[in-house]
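Trainee: Below are the sequence and a predicted model; questions follow.
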Amino acid sequence: MSIILETRDLSKQYKSQWALKYVDLRLQQGKIYGLIGKNGAGKTTLMRMIAGLGFPTGGSILLFGKENRGGLEEEGKRIGSLIEEPALVAGMSAKENLHLQCLMKGIPSYEVENELLELVGLQDTGKKKVKNFSLGMRQRLGIASALIGNPELLMLDEPINGLDPVGVIEIRDLIKKLSTYENKTILISSHNLPELYQVATDFIIIHEGEIREILSHEELDERCKSYIALEAVDGNQLAAVLEEKLHTQNFQVMPDKSVKLFDCLDERERVGRILYENGVIVTKMAVCGTSLEEYFMSVIGGSQDA
């Protein structure tokens, strides 16, 4: 799988404030990356650096293997982005806005405009001006603009902001389609972590300008999956009985000798009975699990909302 984007020690500093600090990233073709971070964590700054809308203080960016300024400008044409608010002309219709964007990118094509409007569900807006659009409709049009030129790397900053539940599902399906069938690499930032969980293949957690963790969807599931939390007077005896009498090795012994049992989630009574019958004095038994929000907070530390 080819590398679409790579950053090496990418940094952005404003006086004494670090917006990005030594960021190392490698984005692979065809994957959907969820960029997670609190307000001010550096998500938008990172996207702006990649899109060429700002210049880093240090480090380097490789796009499709090209690094120098001329190479980045040329390869930048293979990027589509919706960063912060869509750049739209309020007095124009959706189609007129797309036509203007196509002309600016050297792609004057009525066929492309119609295809993109249909793709984002705005084909029936006619001559209605953008100033009369809802926030969700403007978001859809911004995504359509980002797709002009059939980019290989698509960056979307809060793409479902303002969308109703039906619109959220439609944009989710569109993002998945672009990744699965057109092999586009997509970088999405969002505060809607449950929605991001449904669409992303990989997750990037950023905090105070630093990448704290990068993990796949499978790795996240492994760390967030439900389990029975068990504590006993004798932790060693607890583990031995689980293995010998419950006939499972699908558990994890923690440093404090408590146990996370990933089997038998619907058979807690049987687990308790077997432990009791074998002399294990249980002091705690509870079903636990970690949501994406909880895991995010555990990585960055703290309890404030993302």
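Mentor: Cool, got the structure.
Trainee: Please name the residues that touch the closest residue to residue 163 other than its chain neighbours.
Mentor: Using C-beta to C-beta, 6 or more residues apart in numbering and skipping the chain neighbours, the partner closest in space to residue 163 is residue 136 (4.2 Å). From N, CA and C alone the C-beta is placed, and that goes for glycine too. In this structure, residue 136 makes contact with 162, 163, 164, 167, judged by C-beta atoms under 8 Å, 6 or more residues apart in numbering.
Trainee: Narrow those to just the buried residues.
Mentor: The neighbour-count test (16 or more other C-beta atoms under 10 Å) marks 163, 167 as buried among those.
Trainee: could you redo the contacts of residue 136 as a markdown table and give each row pLDDT?
Mentor: A markdown table is the format used below for those (pLDDT from 0 to 100):
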| residue | pLDDT |
| --- | --- |
| 162 | 74 |
| 163 | 80 |
| 164 | 82 |
| 167 | 82 |
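Trainee: quick one: average confidence on the helix or strand harbouring the residue nearest to residue 163?
Mentor: Taking DSSP states H and E as the definition, one finds residue 136 inside helix 135-146. Mean per-residue pLDDT for helix 135-146: 89.
Trainee: Please compute how far that helix lies from its chain's middle.
Mentor: The chain centroid and the centroid of helix 135-146 are separated by 19 Å, computed with C-alpha atoms, centre = their mean, to the nearest Å.
Trainee: do the same with stretch 86-96
Mentor: Distance, stretch centre to chain centre, for stretch 86-96: 28 Å (C-alpha atoms, centre = their mean).
Trainee: what residues are up against the closest residue to residue 194 other than its chain neighbours?
Mentor: Closest residue to residue 194 in three dimensions, ignoring its sequence neighbours and counting by C-beta to C-beta, 6+ apart: residue 292, at 6.9 Å. With contact taken as C-beta under 8 Å, 6+ apart, residue 292 is in contact with 193, 194, 196, 197, 220, 224.
Trainee: Neighbours of the third one, how many?
Mentor: I take that to be residue 196. Neighbour count for residue 196, taken as other C-beta atoms under 10 Å: 21.
Trainee: for residue 135, same thing?
Mentor: That count, for residue 135 with other C-beta under 10 Å as the rule, works out to 11.
Trainee: Quick check: closest non-adjacent residue to it.
Mentor: Residue 135's closest residue in space is residue 162 (C-beta to C-beta, 6+ apart), at 3.1 Å.
Trainee: my guess is the one you found meets residue 141, correct?
Mentor: No. Here residue 162 does not reach residue 141: they are 11.8 Å apart, not a contact under C-beta atoms under 8 Å.
Trainee: got the residue ranges for the helices in the protein?
Mentor: Secondary structure of the chain (DSSP state H): helices at 43-51, 69-75, 94-104, 110-119, 135-146, 165-180, 193-199, 217-224, 235-244, 268-277, 292-300.
Trainee: got CSV for these, with distance to residue 19 too?
Mentor: Putting the helices of the chain into CSV (distance: least, C-beta to C-beta, whole Å) gives the following:
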stretch, distance to residue 19
helix 43-51, 4
helix 69-75, 19
helix 94-104, 28
helix 110-119, 32
helix 135-146, 23
helix 165-180, 26
helix 193-199, 22
helix 217-224, 26
helix 235-244, 46
helix 268-277, 48
helix 292-300, 16
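Trainee: Between those, which has the poorest mean confidence score?
Mentor: helix 69-75 - the lowest mean pLDDT of the helices of the chain, at a mean of 66.
Trainee: give me the beta-bridge partners of the residue lying closest to residue 272 once chain neighbours are set aside?
Mentor: Among residues not flanking residue 272 along the chain, residue 285 sits closest, at 6.2 Å (C-beta to C-beta, 6+ apart). Judged by DSSP bridges, the bridge partners of residue 285 are residue 230.
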